[in-house]
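# what shape does this take:
(2 chains)
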Amino acid sequence: MKNHKFVILNPFRKMGNDTEDVIQKGEIGAVLARAGVGKTALLVQLALNALLRNKNVLHISLNDPVTKVSLWYKEVFNNLAEQNKVQAANQILESILPHRFIMTFKVEGFSVPKLEERLTDLTEQNIFLPDLVIIDGLPFNKDVRKSLSNLKALTQSHSMSAWFTVTTHRHEEPGTDEFPPQIQPIADLFEVIIQLKPEGKTILVFPLKGGSRALNQPPLIFDPSTMMMKENG
Amino acid sequence: MASNIEKVRNIGISAHIDAGKTTLTERILFYTQRIHTIHDVKGKDGVGATMDFMELEKERGITIASAATNIEWKNYEINIIDTPGHVDFTIEVERSLRVLDGAILVLCAVGGVQSQSITVDHQMARYHVPCLAFVNKCDRSGANPLRVIDQLKEKLGHNAVAMQIPIGLEGDLTGIIDLVTMKAVYFDGDHGEIIVQKEIPESLILEATQMREQLIDAAAMFSDELTEAALEDNVSEEILISGVRNGALKRELTPVFMGSAYKNKGIQPLLDAVTTYLPCPVEINNQALDMSNPDRLVTLTNLPDDPLVALAFKLEDGQYGQLTYIRVYQGILSRGTVAKNARSGKKVKFGRVVRMHADQMEDIENIPAGHIGALFGIDCASGDTFVTPGINLSMTSMFIPDPVISLAITPQNNKSQINMSKALSRFTKEDPTFKTYTDLETGDTIISGMGELHLEVYVERMRREYDAEVKTGRPRVAYRETISKREEFDYTHKKQTGGAGQFGRVTGYMEPIATEEFVFENQVKGGSIPTQFIPSCEKGFKKCLDKGPWMEFPVFGVKIVLIDGRFHSVDSSDMAFQSAARGAFLQAYLKASPEVHEPVMKVVVETPTEFQGTVMGSLNQRRGIIVSAQDEGTFSIIESQVPFSEMFGYATVLRSLTQGKAQFTMEFFNYKQVPQPIADDLAKNLKKEQK
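Numbers count the residues shown, from 1 in each chain, chains lettered A, B, ... in the order given. Okay, here's the model as predicted:
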C-alpha cells in the first residue's frame, strides 16, 4: 500500500485518548443513538481512520445490503476528502478498499457461531485478517448478553477490537446511572460507550463510559448535515 | 400489418441463465398458435426449442443470438426479442434492450434474483425499459415466489408488488389467483390451453384479500382516482389496472406475475399482462442524434407520415444472405423504397421486407413506425441507422466495452482459410464486442472478445456454419504497459549516408498520467523545432504506443511534454522527427520504471452457504480480493475482484468444488498493476517465445 498524506482524524480523539485507537485489541465499544442520528456514519469514519492506518476492517451489517454499506464508505470518504481538500481522493479510496471486507447477514440468520465459522474461513485460509470489526444492527434484546460475551471472547481470541451500534428508543427512560435500558444489563462488557444525542440542530456526543475526557469540558459536537464530527467541537 | 399502433408491443424477455426464458418463449409461441407442438430446451425429441435455432445453442441449452419473432394475442401484435442469458453475450442483451419498449424479467422461484438478473436489470435501467416480472418454476421444490418479490425489492430496488398468488406450490401447483379480478385461474388440457376461472378456494381467501390490499396500496401512489376509490372501499378493476399501469410505465412499480412455463401454468395471464401493463411504441420517448449538431437530441414522432428513421439492431447470416433485423421509429419502411445509411452515407434500396418467426419468415410489404421486422440483401453493420435521404439523424450510439481476451487462430487448410475470413467478417459485423486483426509480426489472425466462452462459441460457429477448421492458440489476456515515474529524454536522430541526410533532436520528459491513454504537450519556444514538425514528433511518439518497448503490450497513460529541440534547415524532415521521437521514447521509457497492468474482473459467485469458505479460498488462490460476502440464509453471494488471467477454467473448478451447485458471473472491472513476481514471469515467458 502506498503512503498517504491524507489522514482522517480519529473522530473520538478529543475524548482524551492518547493512542490512536480508542479501544485496544480484545476490547469492545458501543455507539448509542436513536434511529437516524448517525451511528453508522460515525462508525464508518472510525473504520476509514483505521483503513488509512493500514488496518484491516471487517464491516458486518445486519440491516443493509453490501451496496448500501459501500455507498456509506464512499460518501463519508468523499465528504472528508472534500473538507480536507485532498488530491486524487479516488485513488486513495481505491487503494484502501482491499483492506475492507463487508459481510452481511440477515438479522434472523445471524449467530455468533456462524460468524465464528466465517471468521475462521477467512483467517485460516489467510484471506482476511481483521484488526477492527464493525457490527452494525445487532439487536440488543433480552438475550444479547450471551452472544455479546461470546463475541467479546471471539475478538480476544482473534486479537481484534469491535464496535457495535445500539439503537435506543425515545420512550425509554434512562436507568439510574444514565445508561439507556437496552445497555444497562450489559454495560460492564463494553470498555467504551458513547452516546449521540440530538439537541436542537446539533448532535452532542457524550462518553458514557471509558475515555478520560474531563467532565467539565463541553461535549463534542457531531454535525448532522455532513454526519461528521465537528473540528472545533 | 396491423396499423393500430396502440395494439403493438415490442417486448424482450431477459433473465439469468437457466431461469427458463426459452421455455417461456416456447410456450408463448404455442398459445399464440405460432407453433403447433412444444419442444423443450434439452428435450428428448431432439428438436429443441423453436427460438434457439442455431445448432450450437440446441446442443448447449443456452440461447446465443436474439431472434425476433412476431405473434398475435387477442388482437394485439407482440414482437418478442429473445435475449441471451450468459454474461459473455451482454452486448446482445444491450442491443436488444435498445429497441424494446418493455420487458419481462424472468426470475426463478427457487434461485430468485441472481447475479445475472442484477446485470440485466442495470441494463434495463440504462435504457429506461419498463418491465414486469415473471416468477417462473413455481413447480420446483423450494419455490417461494413471495421471497423472490422481497429480493426484487431489496436487491434490485424495485417497487415490486404481486399481481397474483399461486394456488399450491412446488408439486401441488394447480393454478393462480388473479388479485385484480379476485378469481382463481386453472389451466386444463394437455398443454394448459384451456383456462378455467373459478371462485378462490376458501383456504386462500384471507391471503388473497391481504395481498390485494397491498397491491392497491402500492398502485394508489400512481392514481388519485384509485386512492379515492380505496378510501371509499370501491375499487373497480379498471381503476386498479390503470394505477398499476401508470406506475409500471414510469418504472416505479414492478407488477409481479407467477407460474411455471414448463408445467404450462400462468402463461396466458402473462400475455394479457403484456398487453395491459407494458407500453405501446407511442408511449415511449425515443430520441435520435442530430448529426449536423451532435449535442441536440431529436425526439422521434412514431408517426407513419414523417420521414423514415429505422435502426438495424441485429444481423444474421441466413441461407439467402444477410438478414438485418430492424426497428422502425418513425415513418414507414416500404419494399422498393430508397433510404440512406446515416453512418456511411450510402443509399440503399429495400428489396425484400420480412416478418420473422424464429427461423421461418413471411414476406410483407412494409414495416410501419413502432414495428420490428427484417430486411434481406442490405449491406450494413449492426447499429446503423436508415433514414429518408435529406434528413440527418442517427440513433444514439450504444455503449460497447473493450475486449479483454484474445486468441490466435490458424486455419488448417486452404479452404478453411477462405471460409474463416468470410466467417470473421460476418461475426465482426454482427457483434461489436468481437474484434479481429492480424498480428503484423507473426502473421497470425487474432480474435478478441469478452470472455473465454464468447470466443469459444465463435470458433465453434466457424467450424459448423462455415466449415472452417481452425486451430486455436493459447488465450491471451489484454495486458497493458505504463510508466510509473517521470523521466527526461534528449535524443538526436542523425543520419548521413549519402543523399539527403536526416536530422532531428527532441528534448523533454514523459510522465505517468492516470486518466488518459496518451497526452502530448508542446512547450517548444522560439521555434527550436519548426511548427510543421511538431505533429511529426507527436506521430512518432504515438507510434510507439502500440507495442511497449518493455513487454510489447500496448502502452497506456503516458504524457509526453516536448520542451526543446534542434533542427537542420536542409536535413530535417517529417521522417527525421518521427524517428527522433521514437528514439527518445525508447530512451526514456525503460528508465521510467515501466509497469504491467492487467484487466481485473468483478466476479460474483452465488453458492450454497456450506461452500462459502471453499469458494472464498478458490478466489483467494486466484489472487482475488474478496470484497464482500452476503449471507442470504441457504445461499451466499460472494463478490470479488480477480485478475482475468487467473480466471481461465474457473467454471470447471467451481463446479467441482461445489458439486455443481454454485454459479458465477464476471464482467470487466478495471486495470490494475500486475505484482512484480508475476510480471517477471510474464517477461520470462515472453523471452522464451521469442527464442
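# ok, the nearest residue to B:Glu316 once chain neighbours are set aside - contacts?
Once flanking residues are discounted, B:Glu316 sits nearest to B:Leu323: 4.6 Å by C-beta to C-beta, 6 or more residues apart in numbering or on different chains. Yep, even glycine has a C-beta here, placed from its N, CA and C like the rest. Going by C-beta atoms under 8 Å, 6 or more residues apart in numbering or on different chains, B:Leu323 touches B:Leu315, B:Glu316, B:Asp317, B:Ala374, B:Leu375, B:Phe376.
# now the stretch 501-650 of chain B against chain A: closest residue?
Nearest to chain A in the stretch 501-650 of chain B, going by C-beta to the nearest C-beta, is B:Gly613, at a distance of 3.4 Å.
# can I assume that residue sits in a helix?
Yes. Assessed with DSSP: H, G, I helix; E, B strand; the rest coil, B:Gly613 lies in a helix.
# any regions of chain A where pLDDT drops low?
Residues of chain A meeting the criterion pLDDT under 70: A:1-21, A:170-178, A:211-219, A:224-233.
# how about the residues of it by chain B?
Residues of chain A that fall close to chain B, judged by C-beta under 8 Å from any C-beta of the partner chain: A:65-66, A:69-70, A:88, A:91, A:97-98, A:101-106, A:109-110, A:114, A:117-118, A:120-122, A:125-128.
# just to revisit the earlier point, so which helix or strand takes in the residue nearest to B:Glu316?
Using DSSP states H and E, B:Leu323 maps to strand B:321-330.
# strand partners (parallel or antiparallel) of that strand?
strand B:309-318 (antiparallel), strand B:372-376 (antiparallel) (DSSP bridges).
# looking at those, which has the lowest confidence?
Least confidently modelled of the strands paired with strand B:321-330 is strand B:309-318, at a mean of 78 by mean pLDDT.
# measure how far that one is from the centre of its chain, please.
Distance of strand B:309-318 from the chain centroid (C-alpha atoms, centre = their mean, to the nearest Å) equals 16 Å.
# kindly export that strand (C-alpha atoms) in PDB.
Extracted in PDB, the C-alpha atoms of strand B:309-318 (Å, rounded to 0.1, in the frame of the first residue of the first chain):
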ATOM      1  CA  VAL B 309     -35.800   6.600 -39.100                       C
ATOM      2  CA  ALA B 310     -35.000   3.000 -38.500                       C
ATOM      3  CA  LEU B 311     -32.300   1.100 -36.600                       C
ATOM      4  CA  ALA B 312     -30.600  -2.100 -37.700                       C
ATOM      5  CA  PHE B 313     -30.100  -3.800 -34.300                       C
ATOM      6  CA  LYS B 314     -29.100  -7.300 -35.300                       C
ATOM      7  CA  LEU B 315     -27.500  -9.000 -38.300                       C
ATOM      8  CA  GLU B 316     -27.600 -12.700 -39.100                       C
ATOM      9  CA  ASP B 317     -26.200 -14.700 -41.900                       C
ATOM     10  CA  GLY B 318     -29.100 -16.600 -43.300                       C
END
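# in it, what counts as buried?
Along strand B:309-318, these residues count as buried under the neighbour rule (16 or more other C-beta atoms under 10 Å in any protein chain shown): B:Val309, B:Ala310, B:Leu311, B:Ala312, B:Phe313, B:Lys314, B:Leu315, B:Glu316, B:Asp317.
# just the closest of the residues you listed to chain A, please.
Nearest to chain A among the buried residues of strand B:309-318, counting by C-beta to the nearest C-beta, is B:Phe313 at 30.8 Å.
# can you tell me which helices and strands the helix or strand B:Met601 falls within packs against?
If you go by DSSP H and E, B:Met601 is part of strand B:594-608. On a contact count with 3 or more C-beta pairs under 8 Å, 6 or more residues apart in numbering or on different chains; DSSP states H and E, strand B:594-608 meets strand B:480-483, helix B:612-621, strand B:635-643, strand B:663-673, helix B:676-690.
# okay if I get the ones you listed as TSV plus mean pLDDT and mean neighbour count?
Formatted as TSV, these follow (pLDDT from 0 to 100; neighbours: other C-beta atoms under 10 Å in any protein chain shown):
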stretch	mean pLDDT	mean neighbour count
strand B:480-483	88	23
helix B:612-621	88	20
strand B:635-643	88	22
strand B:663-673	81	18
helix B:676-690	81	12
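# quick one: which of the ones you listed is nearest B:Asn159?
strand B:635-643 (22.2 Å; C-beta to C-beta).
# between strand B:594-608 and that closest one, find me the angle.
Counting by axes from the mean of the first three to the mean of the last three C-alpha atoms, to 10 degrees, strand B:635-643 lies at 170 degrees to strand B:594-608.
# quick revisit: only the buried subset of the residues of chain A next to chain B, as a PyMOL command please.
In PyMOL, a selection of the buried entries from the residues of chain A next to chain B looks like this (16+ other C-beta under 10 Å):
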select buried, chain A and resi 65+66+69+70+97+98+101+102+103+104+105+110+118+121+122+127+128
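# leaving out chain neighbours, which residue sits closest to whichever residue of chain A sits closest to chain B?
At 3.4 Å from chain B, A:Asp121 is the closest residue in chain A, using C-beta to the nearest C-beta. Counting by C-beta to C-beta, 6+ apart, B:Gly613 is the residue found nearest to A:Asp121 once chain neighbours are left out, at 3.4 Å.
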